[in-house]
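Chemist: quick one, what's the 3D model for this:
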Amino acid sequence: FKIENCEIQVFVRDDASTPDTTTTVANELIDVQKVNILVGTASSGAAATLQGIALANKIPLIVAPAAANDITGVNFNEYTFRVSRNNYQDAINECSALTKSYKKLIQIAADYAFGKGSAAAFRDACTLQGATFVADDIFAPLTTTDFTPYMEQIAKSGAEAYIVTWAGAGFVALMKAASDQGVTGKIALGTTFVNNAVMPALYSNYIGTTAGIIYAYKAPKNEINDFLVAQEQARYKTVPDLFDADGMNAALMIAATLKKTNGDVTGDVLVKAMEGLSFDGPKGKVDIRPEDHVAIQDMYILTLNNLTDPNADYYTLVETTRPEPPCLLPEALKARCGALPYGTLTGK
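Modeler: Modelled structure (predicted):
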């Protein structure tokens, strides 16, 4: 790859979303390949490991697609940036649709950083938009295979809709338990849409649902997204999926940064260039907040029309949103937040 006359080498490693493997491959990339920028990873837990390695080596890390608030919250360091959204952006986007139809809510989430951060964000965002949570949040171990006791709680809660935050295979078992316990059809599902491959298996009972999503390839209307769609179809005979825009945005952020530094890849020079950077991507303009390195970006509210289209053209666009989450830096760094609301959307 080249940016003007600057050659870019890209090394790809699979960390298997395992922190120990993340450490091994990241150190190899830094010590052997002498990389100047790290990009990754899918797991929020592994991303936290990567953050420490980036800081120790004074190498910028661009996180994608991991979404935990903690990445640019309690685990923040000056070398950590993100092009992925965070839990709060998911919640603000989804709650803008959910609370128009449902006011009594309950939620279940996985019992780790991603799930807990998401639950806190949904409670804040949906409450601010007029909803009430009828019970305490339900947290289940990520390894859960039988969700029956949790769905029994939801079935008896009196909620009009239940919010689910779950990344991984357990979602299938969760949906089965919802059906078995009479939750499906009685209480609305309030969760964001997921990747194309699993939508038919998980959402077959929810045609007509309106919900949020990070990215769906038909939603943005711009030349960069058109390019992404055309390239995916030409190279891989498929259409872009949920996280593909994150990958392209990471590349575009690197390109914009190197142009700004005139090719200087010194760590502190790259950090200075990335803070406050704006660039155009497949979802439109992306703004990297200088205060906490959160990526402000467009997200979407869609209505699910079908799950049979061969090109995964499942949705109708309802609305494009641009969620602005609170600053979640640790207390010691609160001064960096400036005028941004701190800790919650109201700052209280």
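Chemist: would you map the helices across this protein?
Modeler: Remark: helices assigned in the chain by DSSP state H are 19-31, 44-57, 87-98, 113-128, 148-155, 170-180, 199-202, 223-236, 244-261, 267-274.
Chemist: got the angle for the fifth one vs helix 170-180?
Modeler: Spelled out, that is helix 148-155. 60 degrees (axes from the mean of the first three to the mean of the last three C-alpha atoms, to 10 degrees).
Chemist: same deal with the last one?
Modeler: Computed with the same axes, to 10 degrees, the direction of helix 267-274 lies at 40 degrees from that of helix 170-180.
Chemist: and helix 267-274, what's its mean pLDDT?
Modeler: Helix 267-274 shows a mean pLDDT of 98.
Chemist: so which bits of it are buried?
Modeler: Across helix 267-274, burial judged by 16 or more other C-beta atoms under 10 Å covers G267, L270, V271, K272, A273, M274. C-beta: built from backbone N, CA, C; applies to glycine.
Chemist: for the last one, give me its contacts.
Modeler: To tie it back to what came earlier, the one meant is M274. Applying C-beta atoms under 8 Å, 6 or more residues apart in numbering to M274 gives the contacts P60, F81, M253, T257, I288, H293.
Chemist: what's the burial count for the spatially closest residue to R82 that is not a sequence neighbour?
Modeler: Spatial nearest neighbour of R82, excluding adjacent residues (C-beta to C-beta, 6 or more residues apart in numbering): V63 at 4.1 Å. Residues lying near V63 (other C-beta atoms under 10 Å) number 29.
Chemist: what's the answer for A219, then?
Modeler: A total of 23 residues lie near A219 under the criterion other C-beta under 10 Å.
Chemist: run a quick neighbour tally on the closest residue to L202 other than its chain neighbours.
Modeler: Nearest residue to L202, sequence neighbours excluded (C-beta to C-beta, 6+ apart): M175, at 5.7 Å. If you count neighbours by other C-beta under 10 Å, M175 ends up with 23.
Chemist: please tell me how far M175 sits from A169.
Modeler: According to C-beta to C-beta, to the nearest Å, M175 and A169 sit 11 Å apart.
Chemist: check contacts around F227.
Modeler: By C-beta under 8 Å, 6+ apart, the neighbours of F227 are P282.
Chemist: got a pLDDT number for it?
Modeler: The model reports F227 with a pLDDT of 98.
Chemist: looking at the contacts of M274, which two lie furthest apart in space?
Modeler: Farthest apart among the contacts of M274 by C-beta to C-beta are T257 and H293. That separation is 12.6 Å.
Chemist: what about the closest residue to A201 other than its chain neighbours, how many residues nearby?
Modeler: Leaving aside its sequence neighbours, A201 sits nearest to V172 (C-beta to C-beta, 6+ apart; 6.6 Å). V172 is flanked by 14 other residues according to other C-beta under 10 Å.
Chemist: hmm, V172 is touching Y203, no?
Modeler: No: in this structure V172 lies outside contact range of Y203 using C-beta atoms under 8 Å: 11.5 Å.
Chemist: what's the distance between the residue nearest to R82 and L202?
Modeler: 26 Å.
Chemist: and what of T24?
Modeler: Between T24 and L202 the computed distance is 33 Å (C-beta to C-beta).
Chemist: those two: who's more crowded?
Modeler: Per other C-beta under 10 Å, whichever of T24 and L202 has more neighbours is L202, with 19 against 13.
Chemist: isn't the more buried one right up against L174?
Modeler: No: checked against C-beta under 8 Å, the pair L202 and L174 is beyond contact range at 9.2 Å.
Chemist: which ones are touching the closest residue to F122 other than its chain neighbours?
Modeler: Nearest residue to F122, sequence neighbours excluded (C-beta to C-beta, 6+ apart): A91, at 4.4 Å. Taking C-beta under 8 Å, 6+ apart, we find A91 in contact with S118, A121, F122, D124, A125, C126.
Chemist: got TSV for these, with pLDDT and distance to T346 too?
Modeler: What follows is the contacts of A91, written out as TSV (pLDDT from 0 to 100; distance: C-beta to C-beta, whole Å):
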residue	pLDDT	distance to T346
S118	92	19
A121	96	13
F122	97	15
D124	97	8
A125	97	11
C126	97	13
